[in-house]
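Undergrad: sharing a model prediction with you, sequence too.
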Amino acid sequence: MEAGRELLRKVFPDHWSFLLGELALYAFVVLLLTGVYLTFFFDPSMREVVYDGAYPPLRGVRVSEAYASTLHISFEVRGGLLIRQIHHWSALLFASAIGVHLLRVFFTGAFRRPRELNWVIGVTLFNLALLEGFSGYSLPDDTLSGTGLRIAEGVLLSVPLVGSYLTFFAFGGEFPGEAIIPRLFTVHVLLVPGLLLALIGAHLTLVVVLKHTHWAAPGRTNRNVVGMPFFPQFLTRTVGLTFAVAGVTAVSAFLAEVNPIWRYSSYRPDVAAVGAQPDWYIGFIEGALRLMPAAETGLFGHTVSWNVFLPALVVPGLLFAVLYAYPFAERWLDPEPGEHHLCDRPRNKPTRTGLGVAGITAYAVLLIAGGNDVIAYVFGVSVNALTVVLRTALIVLPPLAFLLTRRLCLALQARDRGRLLRGDETGRIDQSPDGGFTGHRRPVPADERYVLLARSAPDPLPTPDGAPRHQRVRAAASSWFYRDRVELPATEGESAHIAGVLTAPAHPPAPPEQPAAPTRAGRVRRLLGGLIRRRRRGTGR
């Protein structure tokens with residue numbers, strides 16, 4: 001009862017931006033429910049059959065059983081096409097919600113101590129969502145998904161020394177083989193969902209144990225947790241969000257067609273889909289492949305295809321390695337090693353915000369490059385010229401976005417400083433007898449002053465004389481990260497109050513272990529005595 005009471009009164013955040021993670025959770029629930037329904041009718045086999053189903057244009061055509069069963073779901077199972085499209089739309093929503101949730105956590109600094117492990121779990125969930133999406137996207141064995149599998153085969157072959165062995169292991173022989181669809185089916189319905197369930201459980205457990213972050217506001221400090229109780233306020237809101245997610249995906253499936261595989265026919269290794277585009281979450285890999293110039297190297301009798309290996313394996317590997325390591329890198333640069341429970345306004349961390357926008361810009365360029373053939377065809381431009389433009393943009397735009405974003409953040413800080421010094425314009429203008437005009441201003445309200453001033457702005461790490469090289473490097477990196485900021489005016493009382501607000505919580509030290517007193521009591525008596533003492537501590541007696 002005590003545990004249930006604590007759970008019912010558990011405090012949850014009340015700002016809409018904290019619901020992005022729940023959006024991903026409920027999209028995953030819809031995915032599980034619709035996926036279980038689809039597995040009753042899907043046959044993950046690559047054995048060829050002659051199609052004689054309800055879709056007339058393909059009757060008499062030799063197709064795989066996986067493709068035929070997908071057509072059977074779409075045209076003959078009652079509600080099959082609706083459920084299949086709900087499954088597809090919820091998969092897109094799941095991946096996008098995780099991505100946006102990670103961006104919210106990144107830009108607000110909610111990954112900082114003590115939540116680094118939860119950030120690592122979140123990035124792993126995003127990786128698994130990409131794998132789950134690719135494996136499910138490939139199961140119908142149509143021309144579009146088969147083209148994606150052909151690209152995956154080329155990526156595996158590009159691995160130096162062991163590429164051919166990896167390809168034979170994955171496909172069970174020469175491409176396409178007869179084992180890849182059953183293996184992807186096992187990955188899609190068993191392996192990855194199990195890992196997702198386990199990691200989501202660990203993620204939610206850490207959220208409950210570590211508590212959530214919150215935006216600066218009167219009464220909210222770095223040492224408390226403010227929000228709404230689980231019951232009834234948060235429970236009502238989250239149940240409403242659950243039905244909203246299910247309803248939106250159902251309406252999307254009803255109104256918008258997605259992945260019409262009957263137009264593509266079954267996959268044949270000698271046919272490539274014209275204008276094939278992957279789903280958005282793996283489109284950046286396709287774009288990197290299209291932008292990379294042709295480059296090969298002969299090494300000890302082996303050919304290393306850099307134009308495939310670098311963009312398809314090295315670039316995504318570096319991207320996710322940076323995401324995994326970023327919280328620990330920022331902690332290494334932070335001169336204040338305490339815990340952080342107040343969210344940062346992105347403008348108050350210009351370097352971090354600039355790095356995030358630069359990464360988004362690079363991702364957008366790669367995503368556009370993944371459809372360069374379709375863009376060139378629609379707008380009647382040369383695909384070669386468009387590729388050169390996108391290569392240039394990939395080199396120029398991310399650094400430019402970083403510099404511009406950092407400058408805009410500093411400009412917004414200067415605007416906050418002007419508001420604190422001069423107040424806000426009221427819109428009232430008085431005319432003097434000699435024809436002059438005077439505008440009126442009012443002081444910034446106390447609640448808004450609290451929000452503007454409650455920011456963490458640590459000084460960069462100092463460089464002591466004669467320090468070793470690694471300390472000098474750390475101090476230089478810390479100076480680059482923290483030096484750019486606009487000082488905000490505050491009274492002595494406000495400064496002291498804000499310093500108290502930002503003070504990290506202090507945890508009491510663990511009591512020293514006392515040696516156990518010798519006793520002649522048996523094991524059962526010692527166990528009962530320990531339970532009684534623990535119960536008395538919990539009740540205060």
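TA: The structure has been received and is ready for your questions.
Undergrad: after the top helix by length along the chain comes which helix or strand?
TA: Of all segments of type helix in the chain, defined using DSSP state H, the longest is helix 383-422. Counting by DSSP states H and E, the element after helix 383-422 in chain order, helix or strand, is strand 424-431.
Undergrad: buried ones in that following strand?
TA: For strand 424-431, a neighbour-count test (16 or more other C-beta atoms under 10 Å) marks nothing as buried. Placement of C-beta: from N, CA and C, glycine included.
Undergrad: tell me what the helix or strand that it is followed by is packed against?
TA: Sequence order places strand 437-442 as the next helix or strand after strand 424-431, per DSSP H and E. If contacts are counted by 3 or more C-beta pairs under 8 Å, 6 or more residues apart in numbering; DSSP states H and E, strand 437-442 sits against strand 424-431.
Undergrad: residues contacting the strand it packs on, please?
TA: Strand 424-431 has contacts (C-beta atoms under 8 Å, 6 or more residues apart in numbering) with F437, T438, G439, H440, R441, R442, P443, V444.
Undergrad: measure T34 to A27 for me?
TA: Counting by C-beta to C-beta, to the nearest Å, the gap from T34 to A27 is 11 Å.
Undergrad: same question, Y67
TA: 27 Å.
Undergrad: neighbour-wise, which of the two wins?
TA: Y67 (31 against 25; other C-beta atoms under 10 Å).
Undergrad: out of the contacts of strand 424-431, flag the one nearest to L7.
TA: The closest of the contacts of strand 424-431 to L7 turns out to be V444 (C-beta to C-beta; 39.8 Å).
Undergrad: give the contact list for the closest one.
TA: With C-beta under 8 Å, 6+ apart, V444 has these contacts: R419, L420, G423, D424, L452.
Undergrad: if we use 6 Å, what do you get?
TA: Listed by C-beta atoms under 6 Å, 6 or more residues apart in numbering, the contact partners of V444 are R419, G423.
Undergrad: so which residue is dead centre in the protein?
TA: G99 (3.0 Å; C-alpha atoms, centre = their mean).
Undergrad: where exactly do the helices run in the stretch 51-200 of the chain?
TA: For the stretch 51-200 of the chain, the helices defined by DSSP state H, counting those that start in this stretch cover 65-75, 80-108, 116-138, 143-157, 163-171, 180-186, 192-210.
Undergrad: mean neighbour count, those: which tops it?
TA: Between the helices of the stretch 51-200 of the chain, helix 65-75 has the highest mean count of neighbours, a mean of 22, where neighbours are mean count of other C-beta atoms under 10 Å.
Undergrad: what angle sits between it and helix 143-157?
TA: 140 degrees (axes from the mean of the first three to the mean of the last three C-alpha atoms, to 10 degrees).
Undergrad: can you list contacts of helix 65-75?
TA: The list of residues contacting helix 65-75 from outside it, by C-beta under 6 Å, 6+ apart, reads 41-45, 47, 49, 51, 53-55, 80-81, 84, 140-141, 181, 261, 266.
Undergrad: and if you look at stretch 150-164?
TA: Residues contacting stretch 150-164 (C-beta under 6 Å, 6+ apart): L166, T167, F175, V304, S305, V308, F309, A312.
Undergrad: for stretch 345-360, same thing?
TA: 106-107, 398, 401-402, 405-406, 409-410, 412-413, 455, 481, 484.
Undergrad: Serialize those to TSV and add fields for pLDDT.
TA: Below are these laid out as TSV (pLDDT from 0 to 100):
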residue	pLDDT
F106	97
F107	97
P398	97
A401	98
F402	97
T405	97
R406	97
C409	97
L410	96
L412	97
Q413	96
R455	91
F481	93
D484	90
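Undergrad: what about the nearest residue to L92 once chain neighbours are set aside, how many neighbours?
TA: Closest residue to L92 apart from its sequence neighbours, by C-beta to C-beta, 6 or more residues apart in numbering: D279 at 6.7 Å. Counted with other C-beta under 10 Å, the neighbours of D279 add up to 18.
Undergrad: give me the phi and psi for D279.
TA: D279 adopts backbone torsions of phi -60, psi 160, taken as degrees, to the nearest 10.
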